[in-house]
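Novice: 3D, please:
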Amino acid sequence: MKVNIASILKNEGASMNISGSVNPGEFDFMGSKITFTSPALVTGTIVNIGGTIEISAVITGEFLTQCSRCGKEISQSLSAELFESVENDFSDADPECLVLSGNTLDITGAVEACIFGNIPLKFLCSEECKGLCPVCGTNLNENECNCDTRVYDPRFAIFRNLQKEV
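Specialist: Numbers count the residues shown, from 1 in each chain. Here you go, the predicted structure:
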């Protein structure tokens, strides 16, 4: 997302509103496939405060992923706040996040970094999701199975075998 900041670059105290979008597309995140169904919307302000450019924005979007317990495809919402503050000369700016070319500031990298940093590590279709049977793989939200899912301490395996013989 490129923003022309010429109107505030040389004017201390000046600000401008920004509105646009960034399309993160599809990517793998912590073992989950994340697919944004539409570009993430970015709205906020850019302010020149004493030679420092401050970016404050809200990022919202919708994406598809899988439930971490049962694997069902689910839709999730994202709402994140972006705050970036860089010196007007941009000598210390992270080149992967902010790129100034003439009077145009590219904040795409900063927006994408904020999106990635605000995606939850786990997703659930519901808090009551029962997940999959670890033995047969049945979705326990839809069907029940008769598998023995008790967890045995392997140190006592010899006693379990003795009980069967008696």
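
Novice: Can you tell me how far the residue nearest the centre of the chain is from V58?
Specialist: Most central residue of the chain, judged by C-alpha distance to the mean C-alpha position with C-alpha atoms, centre = their mean, is I119 at 2.1 Å. With the distance defined as C-beta to C-beta, to the nearest Å, I119 ends up 16 Å from V58. For glycine as for every other residue, the C-beta is placed from the backbone atoms N, C-alpha and C.

Novice: related to what we said a few turns ago, hang on, the residue nearest to the centre of the chain in a strand?
Specialist: No. Going by DSSP: H, G, I helix; E, B strand; the rest coil, the assignment for I119 is coil, not a strand.

Novice: Chain neighbours aside, what residue packs nearest to it?
Specialist: In space, I119 comes closest to F29 once its chain neighbours are excluded; the distance is 5.7 Å by C-beta to C-beta, 6 or more residues apart in numbering.

Novice: Check whether that neighbour really touches N118, as I assumed.
Specialist: No. Between F29 and N118 there is no contact under C-beta atoms under 8 Å: 11.1 Å.

Novice: returning to that earlier point: for the residue nearest to I119, grab phi and psi.
Specialist: Its backbone dihedrals place F29 at phi -140, psi 110, with angles given as degrees, to the nearest 10.

Novice: Tell me where this protein has helices.
Specialist: With helices called from DSSP state H, the chain shows them at 6-9, 108-117, 157-165.

Novice: could you dump the ones you listed to a markdown table with mean neighbour count?
Specialist: Putting the helices of the chain into a markdown table (neighbours: other C-beta atoms under 10 Å) gives the following:
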| stretch | mean neighbour count |
| --- | --- |
| helix 6-9 | 16 |
| helix 108-117 | 18 |
| helix 157-165 | 8 |
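
Novice: Poorly predicted segments of this structure, please.
Specialist: Applying pLDDT under 70 to the chain flags the ranges 87-97, 99-100, 160-161, 163-166.

Novice: domain parsing for it?
Specialist: Structurally, the chain divides into domains by automatic domain parsing as follows: 2-128, 130-166.

Novice: I'd say E54 and L98 touch.
Specialist: No. At 11.8 Å, E54 does not count as touching L98 under the criterion of C-beta under 8 Å.
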